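>>> make a model of this:
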Amino acid sequence: METLRHLDGLLLELGFEDKENRSKPTLLMNLPNIRDIQCGSNHTMILTDGKLIVFGRNSKGQLGTEDNENKLVPTESKIEDAKNIKAIFCGGRHSMILMNNGDLFVCGLNEQGQLGLGH
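Predicted coordinates:
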């Protein structure tokens, strides 16, 4: 299955090595067994069987890569046991990762308490 991304080129969200907008659907990569794709304001998460691929803006750590560096190209998330991810969710500048056992991991902006951590 070919994975096509057609957006208006918001910031880094396309996952190419440049920041050029794309008005024509352009092949980003071929990933077998894509289970879900989620887009935040300026970041994207792709869940496959066994991997969580992320790219885009990461100024608040919303990609879960244990840093705040933007990712211009698809990068594997640092979450352990990615094969047991049940679902992914992207907010504006935060993300949530639900595991098969019910554990919910959160990362990113928490200025308004959107991570639910109580602080």
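>>> the host helix or strand of V106 pairs with which strands?
Under DSSP states H and E, the secondary-structure element containing V106 is strand 104-108. Neighbouring strands of strand 104-108 in its sheet, by DSSP bridges, are strand 94-99 (antiparallel).
>>> so E66 is in contact with I79, correct?
No: if you go by Cβ atoms under 8 Å, E66 and I79 don't touch, sitting 9.7 Å apart. C-beta here means a position set from N, CA and C on the backbone, and glycine is covered the same way.
>>> these two: who's more crowded?
I79 (19 against 11; other Cβ atoms under 10 Å).
>>> I'd say C90 and G64 touch.
No: the pair C90 and G64 does not pass the contact test of Cβ under 8 Å, sitting 10.8 Å apart.
>>> still on that earlier bit, buried sites along the strand holding V106?
105-108 (16 or more other Cβ atoms under 10 Å).
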